[in-house]
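*Asks:* Starting from these lines, generate the structure:
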Amino acid sequence: MRRKKEKKESLFTPYQVFIIAIVAFIQFTVVLDFMILSPLSAILLDELDISTSQFGLVVSAYAFSAGISGLLAAGFADKFDRKKFLMFFYSGFLAGTILCALAPNYMFLLVARIITGIFGGVIGSVSMAIITDLFRLEVRGRVMAFVQTAFAASQVLGLPIGLWLAEAINWHWCFWMIVICGTATGIIIMIYMKPVDTHLSIKSERNAVQHLAKTVSHPDYIRAFLGTVLLATGGFMLMPFGAAFLTNNLGLTLAQLPVLYAITGAFSILLGPVIGRISDKTGRFRTFLTGTIISIIMVAVYTRLGITPLWMIVVLNVILFIGINSRVISSSALISAIPDPQDRGAFMSINSSIQMISGGVASGIAGLIVVQSKSGVLEHYDMLGYVVIGSMAVAAVLIYMLDRFVIRKQQLQAMKAGETSN
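*Replies:* I've put the predicted structure just below:
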């Protein structure tokens, strides 16, 4: 018992715990900035007098600009200290969020979301590169699980507080909240985070353009990028009109939304680390497949609901997010093992860009499929469910192929290490 306890305590160093916490909080602010638009859909459609397609464009604008900037930054991602790279783009992200907080109308908000996306789209990839540099693959599922609690924390803390501010004052204060939290996080990074520059010791003759071209055309990486496309499609299609669907179709009030988000997020925080340990111990693909099956069943049920009591919606959302978190945590750990050390920054940046662009396309398509009737009810939401289910099924096949590739790669590395020691 004592040996097990000591082993558990020595799993991460104090500095690694700090890195996990700071990366998770960075993700919290970036995720909240993106996710806050979903619950605000019920407010902004009326407040700004815009259509569902216009709102879908606001969501897509962030995703497209984030994707493009990520691709442009990919060639430089492995040329600098990752801490400096992170601070540059995080500062720009906060500046864009300030513009969102100041937005007086639809067009201003649209431009502000584009600026925020240009900087915010690179942050996730740099964070993942830092994690991959500092943590070995055997514990990466647990690390990803803790980082993914940012999504849950944004539901438990960010969304309820943001919605309360939107109702008590106005929707602009949702973004001011993010700016305040992000500024504090940035100061802590500047003071306490060490440089992350070991990748710079690996000499490369490629310039930024060559590095980008080589990474994006790597056969083994292309399969991972295709998997990311399908993973993003499932996540982004249902998200933009989530609050509008809950209030107009399922019968919830705006006051009940924070309760739903808080309970769902609390379960995600509690179960996330458990899912991470399961992923590390039983296998990443098994965890992903289990999450996919749960998600498919829940999406099929959820998107066909009518007026539903709050308690039932809470139960369905908790189960749905267990499935979603299982997919995200396991696939993130798996994909992080694919790139070689000298390509990690570029790979993660390209992968994040593809995720954002795919999500932007998915959000735009969702805005075209979903139509708001005169009564306020969203029509054709079940059609989105069918598309999401299809993408989940195909994604499972691609993730299986990636899992086989990582296993073969690990075996080859072990053989080479054995030959070197002999």
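*Asks:* Please, where are all the helices along the stretch 301-422 of the chain?
*Replies:* 310-336, 344-369, 381-421 (DSSP state H, counting those that start in this stretch).
*Asks:* most tightly surrounded among these?
*Replies:* helix 344-369 (a mean of 25; mean count of other Cβ atoms under 10 Å). Just so you know, the C-beta spots here come from the backbone N, C-alpha and C atoms, and that holds for glycine as well.
*Asks:* Now the helices of the stretch 301-422 of the chain in a markdown table, please, with extra columns for distance to Ala300 and mean pLDDT.
*Replies:* Listed next are these as a markdown table, based on distance: least, Cβ to Cβ, whole Å; pLDDT from 0 to 100:
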| stretch | distance to Ala300 | mean pLDDT |
| --- | --- | --- |
| helix 310-336 | 11 | 87 |
| helix 344-369 | 17 | 76 |
| helix 381-421 | 6 | 80 |
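*Asks:* Now distance to Met193 too, for those, in a markdown table please.
*Replies:* Conversion of those to a markdown table gives the following (distance: least, Cβ to Cβ, whole Å):
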| stretch | distance to Met193 |
| --- | --- |
| helix 310-336 | 20 |
| helix 344-369 | 16 |
| helix 381-421 | 29 |
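*Asks:* For Asn249, find the nearest of those.
*Replies:* Closest to Asn249 of these is helix 381-421 (Cβ to Cβ; 6.7 Å).
*Asks:* Okay, angle between that closest one and helix 344-369 too, please.
*Replies:* Counting by axes from the mean of the first three to the mean of the last three Cα atoms, to 10 degrees, helix 381-421 points 170 degrees away from the direction of helix 344-369.
*Asks:* now helix 381-421, how far from the chain's geometric center?
*Replies:* Here helix 381-421 shows a centroid-to-chain-centroid distance of 18 Å under the convention Cα atoms, centre = their mean, to the nearest Å.
*Asks:* how big is the angle separating that helix from helix 310-336?
*Replies:* 30 degrees.
*Asks:* list the helices and strands helix 381-421 packs on?
*Replies:* Judged by 3 or more Cβ pairs under 8 Å, 6 or more residues apart in numbering; DSSP states H and E, the packing partners of helix 381-421 are helix 219-238, helix 284-302, helix 310-336, helix 344-369.
*Asks:* same thing but at 10 Å, please
*Replies:* helix 219-238, helix 242-248, helix 284-302, helix 310-336, helix 344-369 (3 or more Cβ pairs under 10 Å, 6 or more residues apart in numbering; DSSP states H and E).
*Asks:* Nearest approach to Ile19 belongs to which of those?
*Replies:* helix 310-336 (14.5 Å).
*Asks:* picking that back up, who wins for proximity to Tyr192 among the helices of the stretch 301-422 of the chain?
*Replies:* Relative to Tyr192, the nearest member of the helices of the stretch 301-422 of the chain by Cβ to Cβ is helix 344-369, separated by 21.7 Å.
*Asks:* what separates the closest one from the chain centre, distance-wise?
*Replies:* What separates the centre of helix 344-369 from the centre of its chain is 11 Å, taken as Cα atoms, centre = their mean.
*Asks:* now swap in stretch 48-66 and tell me
*Replies:* 18 Å.
*Asks:* What residues sit buried inside it?
*Replies:* 48, 50, 52, 55-66 (16 or more other Cβ atoms under 10 Å).
*Asks:* Tell me the one among these nearest to Pro104.
*Replies:* When these are compared against Pro104 (criterion: Cβ to Cβ), the nearest one is Leu48, at 9.8 Å.
*Asks:* Please name the nearest non-neighbouring residue to the closest one.
*Replies:* Leaving aside its sequence neighbours, Leu48 sits nearest to Tyr106 (Cβ to Cβ, 6 or more residues apart in numbering; 4.7 Å).
*Asks:* Which pLDDT value goes with that neighbour?
*Replies:* What the model reports as pLDDT for Tyr106 is 84.
*Asks:* coming back round to it: by pLDDT, give me the weakest of the buried residues of stretch 48-66.
*Replies:* Scoring those by pLDDT puts Thr52 last, at 69.
*Asks:* Can you give me the buried ones in stretch 183-190?
*Replies:* Those would be Thr185, Gly186, Ile189, for stretch 183-190 by 16+ other Cβ under 10 Å.
*Asks:* which residues touch it?
*Replies:* 18, 21-23, 25-26, 28-29, 83, 86-87, 90-91, 93-94, 97-98 (Cβ atoms under 10 Å, 6 or more residues apart in numbering).
*Asks:* Same check on stretch 297-312?
*Replies:* 234, 237-238, 245-246, 249-253, 256, 259-260, 263, 295, 313, 315-324, 377, 380-389, 392.
*Asks:* how distant is it from the center of its chain?
*Replies:* That offset, for stretch 297-312, works out to 24 Å (Cα atoms, centre = their mean).
*Asks:* repeat for stretch 228-238
*Replies:* 11 Å.
*Asks:* measure stretch 44-54 end to end?
*Replies:* 11 Å (Cα to Cα, to the nearest Å).
*Asks:* starting at the chain centroid, how far to it?
*Replies:* 25 Å.
*Asks:* picking that back up, my guess is the residue nearest to Leu48 contacts Val58. True?
*Replies:* Yes. In this structure Tyr106 lies within contact range of Val58 using Cβ atoms under 10 Å: 7.8 Å.
*Asks:* Now the common contact residues for these two.
*Replies:* Leu44, Leu48, Ile50.
*Asks:* now, which of these sits nearest Leu402?
*Replies:* Leu44 (37.7 Å).
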